[in-house]
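1. Just need the structure, nothing else, for what follows:
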Amino acid sequence: MNAPVRKAVLPVAGLGTRFLPATKAMAKEMLPIVDKPLIQYAIEEARAAGIEDFVLVTGRGKTIMEDHFDHAVELEQVLEARGKTRELDIVQDAMVPPGHLAYARQQNPLGLGHAIWCARQVVAGEPFAVLLPDDLVKAEPGCLAQMIEAYNDVGGNIVAVEDVPRDQTNKYGILDVEHDDGRLARAKGLVEKPDPADAPSTLSIIGRYILQPEVFEYLDKHEKGAGGEIQLTDAMAKTLGTVPFHGLRFKGRRFDCGSKAGFIEANVAFALERPDLADGLRETLKTYL
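-> Numbering: from 1, shown residues only. So this is what the prediction gives:
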């Protein structure tokens, strides 16, 4: 039986420069999709998949996220006094139970692999999930829940994948596929941001991972890869041969909320699913199309 996945790491130390000036004083992970911040969507997806403990790898200026998942005493008192029980429930439902949310500080932006390494003391010794809040996935069941279902069958390292146009392989980690049944692709290698001419496939990794603790053996070495950063994909590649590695074609729609266009698209898509917003939004959109 595969060891259960109970912990998740969320790297949230990035500066969010593509969203300046909005992110000058606010963490990009707090940007809202309709009325809920990106970080909360990621936490909720993980909790729905059975994750119990969370580590946010933060940087300077990110304390707003700590406050978001804590009590807002004055706000809650006002809501209760005014009888706004629905709003009070919304605020309190965002909280993570005491003792289940930890923070690790990434002092220098040395890459995704380094961010995961910063959480090693909390997650080492057992498998763990990684969720990048910039990748928002609209799916039922959630993307991570689908991955854990696959993990229970095959074990090892699993990433969520989707096919991308070949001319965009230099933006992603790409799988070198050994066997593919249309749902699960067993990989014999992976390459970080390969030139389209050199890409072994077009199957790209998105921001969802289930990793075995062996990955820390290589992250501990702090070897730099593409872009002069410590790449998570490089460490994962070095576990091949000892740890099975699969890519899961998840069922759902991914939105790249690290880009402005993807962020706007996600707001529209999620708003159109809301009974209180859908009809009015459709009419509004008609005036622009």
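
2. Does Lys141 belong to a helix, a strand or coil?
-> Residue 141: Pro, not Lys. Three-state assignment for Pro141 (DSSP: H, G, I helix; E, B strand; the rest coil): coil.

3. Give me the phi and psi for it.
-> Per-residue torsions, Pro141: phi -70, psi 170 (degrees, to the nearest 10).

4. Find the nearest non-adjacent residue to it, please.
-> Ala48 (7.2 Å; Cβ to Cβ, 6 or more residues apart in numbering). Using the backbone N, CA and C atoms, a C-beta is placed for each residue, glycine as well.

5. Looks like that neighbour contacts Cys143 (just checking).
-> No - because the distance of 10.1 Å does not satisfy Cβ atoms under 8 Å, Ala48 is recorded as not touching Cys143.

6. Show me which of those two is the more surrounded one.
-> Cys143 (27 against 13; other Cβ atoms under 10 Å).

7. Make sure the more buried one is actually in contact with Tyr209.
-> No - with contact defined as Cβ under 8 Å, Cys143 does not count as touching Tyr209 (10.9 Å).

8. what touches both of the two?
-> Counting by Cβ atoms under 8 Å, 6 or more residues apart in numbering, the contacts common to Cys143 and Tyr209 are Ala160.

9. Other residues contacting stretch 55-73?
-> The contact list for stretch 55-73 (Cβ under 8 Å, 6+ apart) reads 7-15, 25-27, 29-30, 37, 39-40, 43, 91, 94-96, 101-107, 109, 115-116, 118-119, 122-123.

10. What subset of those residues is buried?
-> Neighbour-count burial (16 or more other Cβ atoms under 10 Å) applied to the contacts of stretch 55-73 gives 7-14, 26-27, 29-30, 37, 39-40, 43, 94, 96, 101-104, 106, 115-116, 118-119, 122-123.

11. among these, which are in helices?
-> Applying DSSP state H to the buried ones among the contacts of stretch 55-73, the entries found in helices are 39-40, 43, 115-116, 122-123.

12. and the residues you listed as a markdown table, adding distance to Pro21?
-> Formatted as a markdown table, those follow (distance: Cβ to Cβ, whole Å):
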| residue | distance to Pro21 |
| --- | --- |
| Ile39 | 20 |
| Gln40 | 23 |
| Ile43 | 26 |
| Ala115 | 24 |
| Ile116 | 29 |
| Val122 | 33 |
| Val123 | 35 |
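
13. Tell me the one among these nearest to Met1.
-> Nearest to Met1 out of these is Val123 (Cβ to Cβ; 19.7 Å).

14. Let me see the contact set for the residue nearest to Pro141.
-> Contacts of Ala48 were listed using Cβ under 8 Å, 6+ apart, and they are 141-142, 144-145.

15. In PyMOL, select just the buried ones from these.
-> To isolate in PyMOL the members of the contacts of Ala48 that are buried, counting by 16+ other Cβ under 10 Å, one can use:
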select buried, resi 142+144+145
